[in-house]
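J.: I'll drop the sequence and a predicted model, then ask my questions.
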Amino acid sequence: MAKIGFIGLGNMGGPMAGNLVKAGHSVKGFDLVPASVKAAEAAGVTAVASIAEAARDVDVVITMLPAGEHVRQVYTGEDGVLAVATKGTLAIDSSTIDVGSARTVHEAAAKAGVDMLDAPVSGGVAGASAGTLTFMVGGSDAAFARGKPIFEGMGRNIVHAGGPGNGQVAKVCNNMILGITMIGISEAFTLGEKLGLDAQKLFDISSKASGSCWAMLNHLPVPGIIEASAANRDYKPGFAAAMMLKDLKLSQEAAVQADAATPLGAQAAALYAQFVDAGHGGLDYSAIIKMLQGR
């Protein structure tokens with residue numbers, strides 16, 4: 001079992017750290033929010049007072065942070081992870097950040113003699129709590145082999161996406177698909193309703209026809225059909241609209257850098273920005289149907 005330092009014990013990081021404790025690892029953790037630290041302690045994580053203390057004398061450092069600027073600072077700042085970590089330490093960043101920041105930190109880690117993996121996740125808070133996350137992992141084959149047993153304590157599906165930064169590439173591409181798809185589903189069910197087609201009938205047909213997709217089967221934005229759908233809980237988020245907007249913005253930054261045409265991704269980002277700017281960022285991403293319906 002490994003000695004692990006975990007930095008970022010929020011809604012996602014806290015349950016992930018707790019699952020590593022359940023898997024038999026020794027975990028010490030740091031977060032700026034006292035309530036998050038307290039919750040992690042209740043799950044068996046040993047609280048420490050700084051980033052440096054979390055990263056010192058461990059086999060693995062894991063980070064789960066809000067954005068690229070935070071990841072860069074935590075790893076490369078004074079008394080950051082790379083300043084104190086022992087050579088040969090494995091660093092895993094499970095934040096969802098821009099590809100450029102991920103690759104910058106990979107380069108800095110290599111110079112410091114630290115093996116690095118970028119490993120954003122899919123599955124949301126429910127998946128983090130249940131230990132069923134999907135990890136999209138970028139980094140060397142050797143680092144991935146080292147990290148796989150650690151990932152298995154937190155998730156069910158662990159996919160090596162390729163070299164440094166490719167985990168982030170996979171994440172933004174996947175969530176661009178999800179955002180575009182949810183808008184398409186919302187438009188179709190809104191059109192069907194306005195033309196007099198019962199939503200259950202449309203679901204029964206489309207879910208077994210060419211329109212079927214993961215978002216429809218799991219996150220249908222119409223209440224009363226899919227039990228687990230946020231639509232049945234007044235759109236209390238499993239995956240908040242504000243987080244979808246963040247990921248769509250990352251996809252568009254990446255598209256500009258790669259000179260790739262993503263017109264539907266750009267339109268999805270614009271629609272989610274309109275929805276979030278209207279004050280609905282705390283609702284589930286499927287709640288965008290309300291805006292499309294004029295509600």
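T.: Received, thanks. Numbering: from 1, shown residues only.
J.: Please tell me how far the residue lying farthest from the centre of the chain sits from residue 127.
T.: Centroid-distance maximum for the chain: residue 196 at 37.6 Å, with Cα atoms, centre = their mean. Separation of residue 196 from residue 127 (Cβ to Cβ, to the nearest Å) stands at 38 Å. Placement of C-beta: from N, CA and C, glycine included.
J.: And for residue 46?
T.: The separation that residue 46 has from residue 127, given Cβ to Cβ, amounts to 24 Å.
J.: Look at those two and report which has more neighbours.
T.: residue 127 (21 against 14; other Cβ atoms under 10 Å).
J.: For the more buried one, which non-adjacent residue is spatially closest?
T.: residue 133 (4.5 Å; Cβ to Cβ, 6 or more residues apart in numbering).
J.: try residue 266
T.: Spatial nearest neighbour of residue 266, excluding adjacent residues (Cβ to Cβ, 6+ apart): residue 252 at 5.9 Å.
J.: go on, residue 291?
T.: Residue 291 sits nearest to residue 275 (Cβ to Cβ, 6+ apart), 5.1 Å away.
J.: Next up, the contacts around that neighbour.
T.: By Cβ atoms under 8 Å, 6 or more residues apart in numbering, the contact list for residue 275 reads 241, 245, 281, 287-288, 291.
J.: which of those has the most neighbours?
T.: For the contacts of residue 275, neighbours tallied by other Cβ under 10 Å; top is residue 288, 27 neighbours.
J.: Assumed that one was part of a strand.
T.: No: remark: residue 288 does not belong to a strand; assigned using DSSP: H, G, I helix; E, B strand; the rest coil, it is helix.
J.: got a list of what it touches?
T.: 182-183, 186, 221, 241, 271-272, 275.
J.: can we see that at 10 Å?
T.: Neighbouring residues of residue 288 by Cβ atoms under 10 Å, 6 or more residues apart in numbering: 179, 182-183, 185-187, 221, 235, 241, 244, 268, 271-272, 274-276, 280.
J.: returning to what we had before: tell me the phi and psi of the residue nearest to residue 127?
T.: phi -60, psi 160 (degrees, to the nearest 10).
J.: cool, residue 212 as well?
T.: phi -70, psi 140.
J.: Quick check, pLDDT for it.
T.: What the model reports for residue 212 is a pLDDT of 98.
J.: What's the separation between it and residue 223?
T.: 19 Å.
J.: Show me the strands in the stretch 151-295 of the chain, by range?
T.: 155-162 (DSSP state E, counting those that start in this stretch).
J.: list the helices and strands the helix or strand of the chain with the lowest mean pLDDT packs on?
T.: Least confident helix or strand, the chain: helix 124-130 with a mean of 91, by mean pLDDT, DSSP states H and E. Judged by 3 or more Cβ pairs under 10 Å, 6 or more residues apart in numbering; DSSP states H and E, the packing partners of helix 124-130 are helix 13-22, strand 133-138, strand 155-162.
J.: try 6 Å
T.: Judged by 3 or more Cβ pairs under 6 Å, 6 or more residues apart in numbering; DSSP states H and E, helix 124-130 is in contact with helix 13-22.
J.: Show the model's pLDDT score for the residue nearest to residue 264 when sequence neighbours are not counted.
T.: Leaving aside its chain neighbours, residue 264 sits nearest to residue 180 (4.9 Å; criterion: Cβ to Cβ, 6+ apart). Note on residue 180: pLDDT of 98.
J.: ok now do the residue nearest to the spatial centre of the chain, which residues does it touch?
T.: A centroid search over the chain (Cα atoms, centre = their mean) returns residue 121, at 4.3 Å, as the residue closest to the centre. Residues in contact with residue 121 (Cβ atoms under 6 Å, 6 or more residues apart in numbering) are 94, 133, 135.
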